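Chemist: coordinates for the following, if possible.
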Amino acid sequence: MNFCKLYKDTLLEDVIPFWETYSIDNENGGYYTCLDTYGNVYDTDKFIWLQGRQAWTFSMLYNKVEKNEKWLAIAKNGIDFLRKYGMNSKGDFYFSVTSNGKPLVQAYNIFSDCFAAMAFSQYAIAANDNAVKELAKKTYFNILSKIDNPKGKYEKNTDTRQLVGFSLPMILSNLVLELEEILDASEVEKTINYSIHQVMEVFLDKKTGLVFEYVLPNGEHHNSFNGRLLNPGHGIEAMWFMIDIGVRNNDKKLIDKATQTILNILEYSWDDKYGGIYYFMDEKGCPPQQLEWDQKLWWVHLETLVALAKAYEQTQKPEILKWYNKVHNYAWTHFSDPANGEWFGYLNRQGEVLLNLKGGKWKGCFHVPRAMYQCWKSFEKIENKLIP
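Modeler: Below you'll find the model as predicted:
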């Protein structure tokens, strides 16, 4: 199969047209993300992190695929909405707003800020907009100022059990590369070094070779629900961020370690009975706290395809290609919806569609198009290497 053509065609002829057709709010600005199977809007609330993700997607396409003015206009639609309605007076980004921009849920979640920063950075490059560039920097440094307490006054936990979460160090390892063109070199290196240490030395467990979602401040594990929690998709996604850093730094050791970690996580988290990758797992095999633990999610499988494509591009290891084919066959036969466009997001353990939405509170125009682009580019390089 010509994977390069499959991913390119799916991105440009299926996925992007779906969001272009159904998600743009031309009246209020921004995007509708709650789309059913056919693209109908079933809820008009706007989730700020998904606004940022979609603005990033169209800016990225403009910068890296084609100088398509329609894509730039779609990106601007989201950027303008974010600038006008997305943040409070302190520059912290809300979680959600109404369709016309009235705040609904306070700025409790730093990931709204992370994806706003990514969007501002890509759009500033696309539009050569210095004001948006400065906003990207300001948002980035605001994120760093909260690194030890991301939720601030919205943190529910007491100090009794001070577990540290994996999500922010993980996302910083990608965010800093996204903003590399607009940040000082010293700042980029500092955050990259911090991210490598956190991801590969603190949260990646030397004994099991698995990535934990929460650790104690000294890096040790706690025997509790959160202390034992594994999120295979997060761990695998972080490894392709590490591979990108390894390629940037010409660090083969980091690439090889990330590649082996992808294999470790897949061996542990693959459902041998029904196929697919579990959503959550308990490292000791205890009952997980998350009732949706055995669902199969779109983003987990897409990020795994990206990670495997990048790992194979860099290593050409046969076991990586074997796993790629296994995950590819499962993902494309279960999540893809060639009849109506885009991908389903949520399957039950048996692989049946659980929710037939194409977008919602958590799923927007991001994981599917980003994975299509990343896999397209990896297989373009792989096929150029293998075919003289």
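Chemist: what secondary structure does residue 258 sit in?
Modeler: Assigned state for residue 258: helix (three-state reduction, DSSP: H, G, I helix; E, B strand; the rest coil).
Chemist: flag the shaky bits of this protein, pLDDT-wise.
Modeler: Scanning the chain for pLDDT under 70 picks out 386-388.
Chemist: what helices or strands is the helix ranked longest in it leaning on?
Modeler: Scanning the chain for the longest helix, with DSSP state H as the assignment, gives helix 367-386. Packed against helix 367-386 by the contact rule (3 or more Cβ pairs under 8 Å, 6 or more residues apart in numbering; DSSP states H and E) you find helix 3-10, helix 48-64, helix 298-315. All C-beta spots, glycine's among them, are computed from the backbone N, C-alpha and C.
Chemist: now these as a markdown table including distance to residue 75?
Modeler: A markdown table is the format used below for the helices and strands packed on helix 367-386 (distance: least, Cβ to Cβ, whole Å):
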| stretch | distance to residue 75 |
| --- | --- |
| helix 3-10 | 20 |
| helix 48-64 | 4 |
| helix 298-315 | 21 |
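Chemist: which parts of the stretch 51-200 of the chain are helices?
Modeler: 69-85, 110-127, 130-145, 167-178, 185-197 (DSSP state H, counting those that start in this stretch).
Chemist: deepest of those, which one?
Modeler: Compared across the helices of the stretch 51-200 of the chain, helix 110-127 shows the largest average neighbour count, a mean of 25 (mean count of other Cβ atoms under 10 Å).
Chemist: could you check the angle helix 69-85 makes with that one?
Modeler: On the basis of axes from the mean of the first three to the mean of the last three Cα atoms, to 10 degrees, helix 110-127 is oriented at 130 degrees to helix 69-85.
Chemist: what packs against helix 110-127?
Modeler: Identification of packing neighbours for helix 110-127 by 3+ Cβ pairs under 8 Å, 6+ apart yields helix 48-64, helix 69-85, helix 130-145, helix 167-178.
Chemist: now do the contacts for the residue nearest to residue 231 when sequence neighbours are not counted.
Modeler: Ranked by Cβ to Cβ, 6 or more residues apart in numbering and with sequence neighbours excluded, the top spatial neighbour of residue 231 is residue 213, at 5.2 Å. Residue 213 sits next to 165, 166, 167, 203, 226, 229, 230, 231, 234 when contact means Cβ atoms under 8 Å, 6 or more residues apart in numbering.
Chemist: just checking, the second one touches residue 233?
Modeler: No. The pair formed by residue 166 and residue 233 falls short of the contact definition of Cβ atoms under 8 Å, at 11.7 Å.
Chemist: quick one: the helices in the stretch 201-350 of the chain?
Modeler: Taking DSSP H, counting those that start in this stretch as the criterion, the stretch 201-350 of the chain contains helices spanning 232-249, 252-269, 298-315, 318-334.
Chemist: quick one: which of these is nearest residue 173?
Modeler: Closest of these to residue 173 is helix 232-249, at 4.3 Å (criterion: Cβ to Cβ).
Chemist: state the distance from residue 26 to residue 80.
Modeler: 12 Å (Cβ to Cβ, to the nearest Å).
Chemist: no, scratch that, I was asking about residue 348
Modeler: Residue 348 sits 39 Å away from residue 80, going by Cβ to Cβ.
Chemist: for residue 3, same thing?
Modeler: Look at residue 3 and residue 80: by Cβ to Cβ, they are 37 Å apart.
Chemist: so how far is residue 16 from residue 1?
Modeler: 22 Å.
Chemist: how about residue 292?
Modeler: From residue 292 across to residue 16, the span is 29 Å (Cβ to Cβ).
Chemist: can you check residue 226 too?
Modeler: 37 Å.
Chemist: more neighbours: those two, which one.
Modeler: Higher neighbour count among residue 226 and residue 16: residue 16, with 25 against 15, using other Cβ atoms under 10 Å.
Chemist: mind listing what that one touches?
Modeler: Residues near residue 16 by Cβ under 8 Å, 6+ apart: 61, 369.
Chemist: reformat the helices and strands packed on helix 110-127 as a markdown table; add distance to residue 92.
Modeler: What follows is those, written out as a markdown table (distance: least, Cβ to Cβ, whole Å):
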| stretch | distance to residue 92 |
| --- | --- |
| helix 48-64 | 10 |
| helix 69-85 | 13 |
| helix 130-145 | 7 |
| helix 167-178 | 15 |
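Chemist: looks to me like residue 21 is in a strand.
Modeler: No. With three-state DSSP as the criterion, residue 21 is located in helix rather than a strand.
Chemist: look at the residue nearest to it when sequence neighbours are not counted and say how many residues are nearby.
Modeler: Spatial nearest neighbour of residue 21, chain neighbours left out: residue 39 (6.3 Å); criterion: Cβ to Cβ, 6+ apart. The number of residues packed near residue 39 is 17, by other Cβ under 10 Å.
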